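# turn this into a structure:
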Amino acid sequence: MTFPSQNLSDLNRYLEAFLVLLEEEALALSSGDAERLGDLTQQRHGARRQLADAWQLMAGQLGLDANAGLPALRLRAFNGLPPSADWLRLEQLTHEASRLNRVNGRLIDEQMRRTQSALQVLQSASSRSLYGADGRLNDLLNTTRSIDSA
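Predicted structure coming up:
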């Protein structure tokens, strides 16, 4: 059984666009650009929906469940014959998307860890009275030092 090559070409094109978003997301995560991340998240959701629709269409054309993975689709589409260049490109792109998604997940985890650490420092500092009513830094060892001489 085969499916129209246009669907495979469309899926590859959607995956290429999705990879660009993942790469931009990695840059935004690395630089801490929260505003850019917000924009990319919206774009990513739209791209993911487009990919899911194209995947479901292809799986349906092959008589498979929408959640079928690459091996099942490949077996049904090529029935033991060598896959086409477009199919090999699809496999390459999906593996790269998976890799970038893992990298971005690690970057998000690291950002979350740094944010949690910063919050703990701020919460700890806010639980102590750092400044007196006169604007001077409360320092148990040196109560005469002001903030501008710290």
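
# what about the residue nearest to the spatial centre of the chain, helix or strand, and which?
Geometric centre of the chain, nearest residue: residue 104, 4.6 Å, by Cα atoms, centre = their mean. For residue 104, the element it lies in under DSSP states H and E is helix 85-127.

# just residue 47 next, same as before
helix 34-61.

# what distance do you get for residue 117 to residue 106?
17 Å (Cβ to Cβ, to the nearest Å). C-beta here means a position set from N, CA and C on the backbone, and glycine is covered the same way.

# sketch out the low-pLDDT regions of this protein for me.
Low-confidence segments of the chain (pLDDT under 70): 1-4, 125-133, 138-150.

# contacts only, for residue 116.
Residues near residue 116 by Cβ atoms under 8 Å, 6 or more residues apart in numbering: none.

# just to be sure, residue 68 is in a strand?
No - going by DSSP: H, G, I helix; E, B strand; the rest coil, the assignment for residue 68 is coil, not a strand.

# what is the neighbour count of it?
Number of residues near residue 68 (other Cβ atoms under 10 Å) recorded here: 19.

# now it, what are its backbone angles?
According to degrees, to the nearest 10, the main-chain angles of residue 68 amount to phi -60, psi 140.

# i'd like the first residue to be 393 from this point on
Will do, 393 is the new start, and the previous item becomes residue 460.
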